[in-house]
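Peer 1: next comes the sequence, and after it the predicted model I'd like to discuss.
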Amino acid sequence: AAEYTKLLDGRVFDLIILGMGLDGHTASLFPGHDAALQTTQYGYVEVDGCPKPPPRRLTLTLPTINASKRK
């Protein structure tokens, strides 16, 4: 996650296309999971212990998604 965040280098995405899981999660940010509570870090975060496969994922943080020019 740290290496991908370095590559991002503060740049903002022009467009992010998001889907939603049956439990309401999007971008591997599961309700009540630590990664979903990360509200200050810009970049990527590792999500471990996901309730559905795969159990380990890499995703964008919420501030990174919200900074996108279009969603």
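Peer 2: Perfect, thanks for sending it. Worth saying up front: this structure is predicted, and the values here are computed from it rather than measured.
Peer 1: only the buried residues of the helix or strand where Asn66 lies, if you could.
Peer 2: Mapping Asn66 onto the secondary structure by DSSP states H and E places it in helix 62-67. In terms of neighbour count (16 or more other CB atoms under 10 Å), helix 62-67 has its buried residues at Leu62, Thr64, Ile65, Ala67. C-beta: built from backbone N, CA, C; applies to glycine.
Peer 1: pull the contacting residues for Gly49.
Peer 2: Under the criterion of CB atoms under 8 Å, 6 or more residues apart in numbering, the neighbours of Gly49 are His33, Pro55, Arg56.
Peer 1: mind checking the SS state of the closest residue to the first one other than its chain neighbours?
Peer 2: Going back to what we said before, that points to His33. What sits nearest to His33 in space, not counting adjacent residues and going by CB to CB, 6 or more residues apart in numbering, is Val47, at 6.7 Å. Using DSSP: H, G, I helix; E, B strand; the rest coil as the criterion, the local structure at Val47 reads strand.
Peer 1: who does Val47 bridge with?
Peer 2: Listed beta-bridge partners, Val47: Arg57 (assigned using DSSP bridges).
Peer 1: tell me, how many residues neighbour it?
Peer 2: 23 (other CB atoms under 10 Å).
Peer 1: same question, the one 10 residues further on
Peer 2: By other CB under 10 Å, 16 other residues sit near Arg57.
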